[in-house]
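1. Just to be clear, the model below is a prediction. Sequence and coordinates:
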Amino acid sequence: MINVLPSRKWAKTAILAVGIVALPMLSGCSPASQPPIDSSSPGFFNHYFIYPFSYLIRFFANAFHGDYGLSIVLMTFLIRIAIMPLMLNQTKKQMAMKAKMAALEPELNAIKEKYEKDTRAEAKQQRQAEEMQLYLKHQFNPLSIGCLPMLLQWPITLAFYYAILRTPEIAAHDFLWFSLGKPDILMSMAAAAVYFVQYRVSQSTSGQVRQSPNNPAAFMGWVFPTVMGIISLSMPAALPLYWAAGGIFIIVQTILANRRYAKPARKDQRPVAGEKA
């Protein structure tokens, strides 16, 4: 028997790691190396994913009198709204699992104390077997949440990334104080800051703010915003604008989802999320 909880933790960390590895690869896709996208661009992904987003960017920009920055922000919000049901469903499952873990905690602690001083390999296996039996008894599966929503949004967000990169009209316009086609240090710092706040909000709403610095998720929480900021320094400012707008939306979504699915604490106990009142 194996303990499935660490597997779930490392699975999520692996997803984040893939994202960090992918970002440097994407940073090599400079506008100079990417041909402009249009309706005749060959390839399934180009025709059915990237071009529709590029068309909508132009459409909304024309509706806003040539404001491509506002078009990117609006498109980012629309995309996030479209995939919101998937993310909210995942949040609901996370809250429900957290509630079940709270109910199992006394029995898990009893098993832990039972084998705490026994360092034999047999004792470790027996402890894991008893924990597994406890999960089966309560019909609890720590892996039931899965990472499918995170994987499903990748083609969408990646297509929009390339749509921004391969729509040449964007580079010729300004938004707020910066040019959309040139790197901007303030916009890069803003994107990094938004991603850090997004991480902190995610941890605070899940009750994991005071976690060990050695925790993989805590480490990634610092690395990901840093990498985003560094990459943004060499990218057209339209991209960190997109990342920052998406991050702000996720922050608000996380806070609202937590208020919706988390049960308020009673005076005599800690808050337990995912249960009905």
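-> Right, received. Where do you want to start?

2. Show me the helices in the stretch 101-250 of the chain, by range?
-> Ranges of helices in the stretch 101-250 of the chain, per DSSP state H, counting those that start in this stretch, are 121-137, 148-165, 185-205, 216-232, 238-261.

3. Quick one, which of those helices gets closest to Leu104.
-> Counting by Cβ to Cβ, Leu104 lies closest to helix 121-137 out of those; the figure is 6.5 Å. Placement of C-beta: from N, CA and C, glycine included.

4. residues of the closest one that come out buried?
-> Taking 16 or more other Cβ atoms under 10 Å as the neighbour-count basis, helix 121-137 is seen to contain the buried residues Gln126, Arg127, Gln128, Glu130, Glu131, Tyr135.

5. same check, this time on stretch 51-64
-> Neighbour counts over stretch 51-64 (16+ other Cβ under 10 Å) mark Tyr51, Phe53, Ser54, Leu56, Ile57, Arg58, Phe60, Ala61 as buried.

6. Just say helix, strand or coil for the fourth one.
-> On the three-state scheme (DSSP: H, G, I helix; E, B strand; the rest coil), Leu56 is labelled helix.

7. Verify the stated contact: it with Met75.
-> Yes. Leu56 is within contact range of Met75, at 6.0 Å (criterion: Cβ atoms under 8 Å).

8. so where is the stretch 151-277 of the chain shaky, pLDDT-wise?
-> 205-220, 262-277 (pLDDT under 70).

9. one more time with 80
-> For the stretch 151-277 of the chain, residues meeting the criterion pLDDT under 80 lie at 151-152, 203-222, 260-277.

10. distance of Leu151 from Arg80?
-> Computed as Cβ to Cβ, to the nearest Å, the Leu151 to Arg80 distance reads 16 Å.

11. quick one: buried residues of stretch 181-191?
-> For stretch 181-191, the buried set under the neighbour-count rule, 16+ other Cβ under 10 Å, comprises Gly181, Pro183, Asp184, Met187, Ser188, Ala190, Ala191.

12. Tell me who's in contact with the last one.
-> By that I understand Ala191. With Cβ atoms under 8 Å, 6 or more residues apart in numbering as the criterion, the residues that contact Ala191 are Met228, Gly229, Ser232, Pro240, Leu241, Trp243, Ala244, Gly247.

13. tell me the centre residue of the chain?
-> The chain has Met150 as the residue nearest its centroid, 6.9 Å off, counting by Cα atoms, centre = their mean.

14. State the distance from it to Met87.
-> Note on Met150: its distance to Met87, by Cβ to Cβ, is 9 Å.

15. hmm, back to that, same list (the helices of the stretch 101-250 of the chain) but as CSV, adding distance to Ile37.
-> Supplementary listing: those in CSV, determined by distance: least, Cβ to Cβ, whole Å:
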stretch, distance to Ile37
helix 121-137, 49
helix 148-165, 7
helix 185-205, 23
helix 216-232, 21
helix 238-261, 14
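
16. For Ala110, find the nearest of those helices.
-> Judged by Cβ to Cβ, the one of these that comes nearest to Ala110 is helix 121-137, at 9.5 Å.

17. Who are the packing partners of that closest one?
-> Applying 3 or more Cβ pairs under 8 Å, 6 or more residues apart in numbering; DSSP states H and E, one finds that helix 121-137 makes contact with helix 68-115.

18. Greatest separation within the buried residues of stretch 181-191: which pair is it?
-> With Cβ to Cβ as the measure, no two of the buried residues of stretch 181-191 lie farther apart than Gly181 and Ala190, at 17.4 Å.

19. Could I get the contacting residues of the closest residue to Gly181 other than its chain neighbours?
-> Taking Cβ to Cβ, 6 or more residues apart in numbering as the measure, Gly181 lies nearest to Ala171, with 2.8 Å between them; neighbours along the chain are not counted. The neighbourhood of Ala171, defined by Cβ under 8 Å, 6+ apart, consists of Pro31, Ser179, Leu180, Gly181, Lys182, Pro236, Ala238.
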